[in-house]
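Colleague: give me coordinates for this.
(2 chains)
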Amino acid sequence: MRIKQASDGAAATPVRQKMSPKKKRRIATFGLLAILGLAFILPLASYSVHFLGSSAIAQDVGTTVNPRSNYWRAVKEGVGGYTAVQGAESGILITPGGTEWQTTRDGIVGKYLPWAIVGMAAILVLYHLVWGRKNKLDEVRSGRKLKRWNWFDRLVHWITAVTFIALAITGLSMLIGKTLLIPLLGKAGFALWAQTSITIHNVIGPVFSVGIVLMIVMWIWHNIPNATDMQWFKQGGGLFSNSHPPAGRMNGGEKVWFWLVAIVGLAVCITGLVLVAPIYGIAIPAWANALPLVEGSRGQMQQANLIHAVLSIGWTAIALGHIYIGTAGSEGSFEGMSTGYVSAEWAKQHHNQWYDNAAASGKVIEPGSAQSQDVPERSIPATAPS
Amino acid sequence: MARMKFLCDAERCIECNGCVTACKNENEVPWGVNRRRVVTLDDGKPGEKSISVACMHCSDAPCQAVCPVDCFVTTGDGIVLHDKDLCIGCGYCFYACPFGAPQYPQQSSFGARGKMDKCTFCAGGPEEANLSDAEYEKYGRNRIAEGKLPMCAEMCATKALIAGDGDEIADIYRERVLRRGGRPQTWGWETAYTEG
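Modeller: As a prediction, the model looks like this:
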């Protein structure tokens, strides 16, 4: 009002000069900056309480930590207590590992990994269509034979092979049957199959394990890597060429398959036995708890289950390759494991060093000789050159 | 629709194991199986806490997700039920459950664990409730079908364990916490007892 009065009588003595637009702008700018600055700084004022060290004031404004929060956090992470109820890990209130196991099993392992088997099958079909013609023997069979596997070798091989296929089918039923088979069989029908599967899996799993151990013990001497194998790998195993890389009794590829069976096989068998141990009433030994991957009995089960599933799926995919090469993939291979004898032509083509040694030490069985009486009837006969 | 829940008030539970006994008796749970148990944390030390725990009837239950034969059903009331006709006893629900709820009653020959057994919220199995002897033998008492709440909570002497519609039990608990003078958002806050 005073200003107004003053300006009313401005004609004589102007009390106050009019603000220049420049000054106005400057005041507005600084004012705005001050407001912005204070808006950032003022909320931090409560920190000054801490800097001054008066924690009592801080408590009053409600910044104390709940004295129990760490306690419950520990419980949530699996710290247990006492319970009158007896049972495995019954004192533990919350085990967080279960959900992680479940999401991994149903996620990466259950959803994506089984495609590896489909992918491998597709690759093999494609390979057979493109390069399948070169699986034939180069020379005509003369009827000369070499003994490759004795009856015990073959017995162990076929027991392991049959149980492998049964375990793969029943194991995959447990993992992906929910997605694949429930729509086909219905819940009740699939439950019946799953019950059969799990029983078969648990009963023949130990039989299979014995087979794996026997194979390792029997065949490890044939499968020590050597320099010839390096050459074999350099030539790609002759998979994509018409040449036949050098090999002894076992070629590089067979040796890789052997070590895969030995290492992956043992891992799968051990994890499988860990999974069935509580059912058979076998306690997992205390020293196993010291192993890096293991924590507590349910933790053991979860990790064993994941390792078992991942390795078995990968193994099944690779086994398809073994089955292909042993049957349709190369002529004359199958009779080695079915009759125990291979033709000299097959040996010359695929295992030249082994053939040369055998020929040098007179181990090649000539047709009509005394030894040829042992060669089974079902052995593929010589095809006379016409 | 109601969403059924259990809530155990750690400030009230006195570790009497009455809920465990009530459950075993009401449902004739087989020897060796406990659908509910009381865990005491820091047992014997000042400030020990006891909690009664059973199946929590999760809204996104890991057991249901992992079951290879898909034998779990979540009812409209949010109760997770388990079909003993389909169950193959693989034990995966036991690995997956954070609360150790699934239990295995028997060890038959050929490595089968037997049918899994767990808390049913006293609601029987997923089949149509018929209150028959067969249903009782398989799953225990179907109190929900009789219009009653789970026996464990009904028997709790200190009313530490409450069961029922989630909204209702949350209201009961909130009121308790407010009376104690703590903050409702911090579960287990014990101002009433420790800070006078």
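Colleague: show me what from the stretch 1-150 of chain A comes close to chain B.
Modeller: Residues of the stretch 1-150 of chain A found near chain B, taking CB under 8 Å from any CB of the partner chain as the criterion, are A:66-69, A:71-72, A:75, A:79-85, A:87, A:89-96, A:98-99, A:101-102, A:105-106. For every residue, glycine as well, the C-beta is placed using N, CA and C.
Colleague: is it possible to mark the buried ones in those residues?
Modeller: A:66, A:68, A:71-72, A:75, A:79-83, A:85, A:90-95, A:98-99, A:101-102, A:105-106 (16 or more other CB atoms under 10 Å in any protein chain shown).
Colleague: just these: which are in helices?
Modeller: Among these, the members falling in helices (DSSP state H) are A:Tyr71, A:Trp72, A:Val75, A:Gly98, A:Thr99, A:Trp101, A:Gln102.
Colleague: A:Gly329 contacts A:Asn135, doesn't it?
Modeller: Yes - look at A:Gly329 against A:Asn135 with CB atoms under 8 Å: they come within range, at 5.6 Å.
Colleague: neighbour count winner among these two?
Modeller: Set side by side, A:Gly329 and A:Asn135 show unequal neighbour counts under other CB atoms under 10 Å in any protein chain shown, the larger going to A:Gly329 at 19 against 16.
Colleague: list the contacts for that one?
Modeller: Contacts here follow CB atoms under 8 Å, 6 or more residues apart in numbering or on different chains; on that basis A:Gly329 touches A:His128, A:Asn135.
Colleague: got it, and A:Val261?
Modeller: Remark: with contacts taken as CB under 8 Å, 6+ apart, A:Val261 is in contact with A:Ile212, A:Met215, A:Ile216.
Colleague: so which helix or strand takes in it?
Modeller: Assigning secondary structure by DSSP states H and E places A:Val261 in helix A:252-276.
Colleague: only the buried residues of that helix, if you could.
Modeller: Within helix A:252-276, the residues that qualify as buried by neighbour count (16+ other CB under 10 Å) are A:252-258, A:260-262, A:264-265, A:267-269, A:271-276.
Colleague: quick check: mean pLDDT of that helix?
Modeller: What helix A:252-276 shows for mean pLDDT is 92.
Colleague: quick one: is the next helix or strand along the chain from that helix near chain B?
Modeller: Once helix A:252-276 ends, the next helix or strand along the chain (criterion: DSSP H and E) is helix A:296-326. Yes - under the criterion of CB under 8 Å from any CB, helix A:296-326 makes contact with chain B via A:Arg298, A:Met301, A:Gln302, A:Asn305.
Colleague: that older thread, now, which of the contacts of A:Val261 sits nearest chain B?
Modeller: Top of the list for closeness to chain B, among these and by CB to the nearest CB, is A:Ile212 at 18.9 Å.
Colleague: find the nearest non-adjacent residue to the closest one, please.
Modeller: Excluding the flanking residues, the one nearest A:Ile212 by CB to CB, 6 or more residues apart in numbering or on different chains is A:Gly265, at 4.3 Å.
Colleague: that neighbour and chain B, how far apart?
Modeller: According to CB to the nearest CB, to the nearest Å, A:Gly265 stands 20 Å off from chain B.
Colleague: same question, A:Met230
Modeller: According to CB to the nearest CB, A:Met230 stands 44 Å off from chain B.
Colleague: how about that residue, secondary structure?
Modeller: When the structure is split into helix, strand and coil by DSSP: H, G, I helix; E, B strand; the rest coil, A:Met230 lands in helix.
Colleague: count the residues that sit near it.
Modeller: If you count neighbours by other CB under 10 Å, A:Met230 ends up with 11.
Colleague: ditto for A:Ser297
Modeller: Neighbour count for A:Ser297, taken as other CB under 10 Å: 17.
Colleague: that one and chain B, how far apart?
Modeller: The value you get for A:Ser297 to chain B, if CB to the nearest CB is used, is 10 Å.
Colleague: next one: A:Val274
Modeller: Going from A:Val274 to chain B by CB to the nearest CB gives 12 Å.
Colleague: hey, which helix or strand in the chain has the poorest pLDDT?
Modeller: With no chain named, the answer covers chain A. The helix or strand of chain A with the lowest confidence, counting by mean pLDDT, DSSP states H and E, is helix A:55-60 at a mean of 46.
Colleague: let's do chain B instead
Modeller: Of all the helices and strands that make up chain B, helix B:191-194 has the lowest average by mean pLDDT, DSSP H and E, namely a mean of 47.
Colleague: let's see which of the contacts of A:Val261 end up in helices.
Modeller: A:Ile212, A:Met215, A:Ile216.
Colleague: so which of those comes closest to B:Ile79?
Modeller: Relative to B:Ile79, the closest of these is A:Ile212; by CB to CB it sits at 45.3 Å.
Colleague: A:Ser209 versus the closest residue to chain B within the stretch 201-350 of chain A, what's the distance?
Modeller: Per CB to the nearest CB, A:Asn202 is where the stretch 201-350 of chain A lies closest to chain B, at 3.8 Å. The spacing between A:Asn202 and A:Ser209, counted by CB to CB, to the nearest Å, is 12 Å.
Colleague: circling back: so can I have a markdown table of the ones in helices among the buried ones among the residues of the stretch 1-150 of chain A next to chain B showing pLDDT?
Modeller: Conversion of those to a markdown table gives the following (pLDDT from 0 to 100):
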| residue | pLDDT |
| --- | --- |
| A:Tyr71 | 78 |
| A:Trp72 | 81 |
| A:Val75 | 87 |
| A:Gly98 | 89 |
| A:Thr99 | 90 |
| A:Trp101 | 93 |
| A:Gln102 | 93 |
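Colleague: closest to the centroid, which residue in chain B?
Modeller: With distances taken as CA atoms, centre = their mean, chain B has B:Ala54 as the residue nearest its mean C-alpha position (3.1 Å).
Colleague: one more: chain A?
Modeller: Nearest to the mean C-alpha position of chain A, by CA atoms, centre = their mean, lies A:Val310 at 2.8 Å.
Colleague: which one is that one nearest to, not counting chain neighbours?
Modeller: Ranked by CB to CB, 6+ apart and with sequence neighbours excluded, the top spatial neighbour of A:Val310 is A:Val109, at 6.0 Å.
Colleague: surely A:Ile216 and A:Leu260 touch.
Modeller: No - taking contacts as CB under 8 Å, A:Ile216 lies outside contact range of A:Leu260: 11.5 Å.
Colleague: just the helices in chain B please.
Modeller: Read by DSSP H, chain B holds these helices, from start to end of the chain: B:18-27, B:62-66, B:92-96, B:133-139, B:151-155, B:166-180, B:191-194.
Colleague: most tightly surrounded among these?
Modeller: For those, the stretch with the most neighbours on average is helix B:92-96, a mean of 26; neighbours defined as mean count of other CB atoms under 10 Å in any protein chain shown.
Colleague: which elements pack onto it?
Modeller: Packing contacts for helix B:92-96, counted by 3 or more CB pairs under 8 Å, 6 or more residues apart in numbering or on different chains; DSSP states H and E, involve helix A:97-104, helix A:296-326, helix B:62-66.
Colleague: pLDDT of it, averaged?
Modeller: According to the model, helix B:92-96 has a mean pLDDT of 91.
Colleague: which residues are in contact with it?
Modeller: Surrounding helix B:92-96, the residues in contact under the criterion CB under 8 Å, 6+ apart are A:98-99, A:101-102, A:298, A:301-302, A:305, B:62-63, B:65-68, B:72, B:82, B:100, B:102-104, B:116, B:118.
Colleague: strands along chain A, start to end?
Modeller: Taking DSSP state E as the criterion, chain A carries its strands at A:82-83, A:145-147, A:341-343.
Colleague: out of these, which gets nearest to A:Gly186?
Modeller: strand A:82-83 (40.2 Å).
Colleague: and that closest one, how far out from the chain's middle?
Modeller: 37 Å (CA atoms, centre = their mean, to the nearest Å).
Colleague: pLDDT of that strand, averaged?
Modeller: If you average the pLDDT values across strand A:82-83, you get 91.
Colleague: great, nothing more from me.
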